[in-house]
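**Q** dropping a prediction and its sequence here:
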Amino acid sequence: MPEHATANSLERYLGATIKDIRLSHGLTIADIAARSGISRGMLSRIENAQTASSLDTLSRLAQALGVSLAALFRGYDTKDGSAQMVKKGEGMEVVRRGTKRGHTYHLLAYDQGPKKFFEPFLISIDHDSETFPIFEHPGTEFIYMLEGEIEYRHGQNTYALKPGDSLTFRGDIPHGPEKLTQCPIRFLSITLYPGGDAA
C-alpha cells in the first residue's frame, strides 16, 4: 500500500474514533476544544480526516476525551476475521450411525472448504437402547460430558463418565457407548482430523 494511502487511512480512522468517543460521552466539539486547547476548526478537520495530527495533539485530545493515547489506535489495522456463530438449538441435525437408536447429533460448526479440520457435535441420548454404534475414524476425538452418565468404550477399556468429565482418544481405535447409566445424556464430541481429512 502506498505511504500516502496508509496515512489517509490512519487519519480517517483516528478522526472517526475521536468523533465516536466524543459522541459516546455526550460532548460537543466546543467541549473538547475547551478541554484540549485545540481550536474547534482544527478539531473538526481532524474528525473529518482533513488534516494530519501530531502526537502532541492526539495526546491532548485523548486526555480531553478521558482515554489513553493507545485507546485511539486500539482497533487500527486489526484484521477483520470471520467467525461462525450457531445459536442455541440451531445446530444442524446430522444423520449418523446410532441416529435410529435414539442418538441425536447436532453439528455446531460447518466447514466451508474442501477439507474438514474438525467437527464439533452436541450428542443427545434421550432413552436407553440395547445396541450401540461402534465408530472408527481418523484423528483425535475429545468428549466432554454435560448431562447424565455413560460408560464409554475405547478399545479394550471402558470409562465411566459423569457431568464435567472429559475423555480424549485416538479415533482409529473402535469406540462408542458401552452402557447408558443415566439418561438423558448430553455430551460434546469434537474430532480433530489430521491434515484436514474427514472420514
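**A** Now that the structure is in, tell me what you want to look at.
**Q** right, and the helix or strand after the lowest-mean-pLDDT helix or strand in the chain?
**A** Each helix and strand of the chain was given a mean pLDDT (mean pLDDT, DSSP states H and E); the minimum falls on strand 92-94 at a mean of 69. Sequence-wise, the next helix or strand downstream of strand 92-94 (DSSP states H and E) is strand 103-107.
**Q** show the average pLDDT along that following strand.
**A** For strand 103-107, mean pLDDT rounds to 78.
**Q** so which residues make contact with the following helix or strand past it?
**A** On the C-terminal side of strand 103-107, the nearest following helix or strand under DSSP H and E is strand 118-125. By Cβ atoms under 8 Å, 6 or more residues apart in numbering, the residues outside strand 118-125 that reach it are 91, 94, 102-109, 111, 148, 150, 177, 180, 183-193, 198. Every residue, glycine included, has its C-beta placed from N, CA and C.
**Q** which of these count as buried?
**A** Taking 16 or more other Cβ atoms under 10 Å as the criterion, what is buried in these is 91, 102-109, 148, 150, 177, 180, 183, 185-187, 189-193.
**Q** let me know the secondary structure of the residue nearest the centre of the chain.
**A** The residue lying closest to the centre of the chain (Cα atoms, centre = their mean) is residue 83, at 5.7 Å. Under DSSP: H, G, I helix; E, B strand; the rest coil, residue 83 falls in the coil class.
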